[in-house]
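In: sequence below, structure please.
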Amino acid sequence: MNIVIKFLIMLSVFVYSPLVHAHCQVPCGIYDDHSRVHTMLEDAQTIHKACVMINELAVLEDAHSRQQLARWVRTKEDHATKIITMISEYYLTQRIKPAQNDYLERLNLHHAVILAAVDVKQDTSKQKANVLTNTIRALMRFYPHV
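Out: Numbers count the residues shown, from 1 in each chain. All right, here's what the predicted structure looks like:
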């Protein structure tokens, strides 16, 4: 990969990172964990659709299909990054505390979501997308609708 492309990728990470809808790191007491899980499920649904579209478009060779393929790849990457950021910058910093009785269980499950999101960045299979969705759904027991 040439240096210009690497620079543009790094620049886009820094430019778009603040746009992710994670809660701030000030403990204000205003949390809606349940809705954030639903947001991650929507991201996972988008990733699933992206995987389907990438696989359909990958066999086509016309310019329009190639352009759409690139857009779906970017969309998949963006939504996986949103999930990773939500877990890392919100849940792991605000909602999971060592004093919790189920701390290790929560930590392991949240980490599993991050690993599943990384997997879908590296793959276009519907199976990996389903694993991500199911792992996010498993968080629901910790964050019921109140």
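
In: show me the helices in this structure, by range?
Out: Ranges of helices within the chain are 3-16, 33-57, 63-85, 103-121, 126-138, based on DSSP state H.

In: mean pLDDT lowest for which of those?
Out: Ranked by mean pLDDT, the helices of the chain end with helix 3-16 at the bottom, a mean of 55.

In: that older thread, turn the helices of the chain into CSV, including distance to Arg95 and mean neighbour count.
Out: (C-beta placed from N, C-alpha, C; glycine too.) Listed next are the helices of the chain as CSV, based on distance: least, CB to CB, whole Å; neighbours: other CB atoms under 10 Å:
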stretch, distance to Arg95, mean neighbour count
helix 3-16, 23, 10
helix 33-57, 6, 18
helix 63-85, 14, 17
helix 103-121, 8, 17
helix 126-138, 14, 18
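
In: most remote residue from the protein's center?
Out: Most distant residue from the mean C-alpha position of the chain: Asp62, 30.0 Å away (CA atoms, centre = their mean).

In: and it, how far from Val52?
Out: According to CB to CB, to the nearest Å, Asp62 stands 19 Å off from Val52.

In: now the helices of the chain as a markdown table including distance to His145?
Out: Converted to a markdown table, the helices of the chain look like this (distance: least, CB to CB, whole Å):
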| stretch | distance to His145 |
| --- | --- |
| helix 3-16 | 30 |
| helix 33-57 | 5 |
| helix 63-85 | 20 |
| helix 103-121 | 18 |
| helix 126-138 | 14 |
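
In: closest to Tyr91 out of those?
Out: With CB to CB as the criterion, Tyr91 lies closest to helix 103-121 of those, at 5.4 Å.

In: elements contacting that closest one?
Out: When contacts are defined as 3 or more CB pairs under 8 Å, 6 or more residues apart in numbering; DSSP states H and E, helix 103-121 sits against helix 33-57, helix 63-85, helix 126-138.

In: between those helices, which one is closest to Ile114.
Out: With CB to CB as the criterion, Ile114 lies closest to helix 63-85 of these, at 5.4 Å.

In: quick check: angle from that closest one to helix 33-57?
Out: Angle, helix 63-85 to helix 33-57, by axes from the mean of the first three to the mean of the last three CA atoms, to 10 degrees: 150 degrees.
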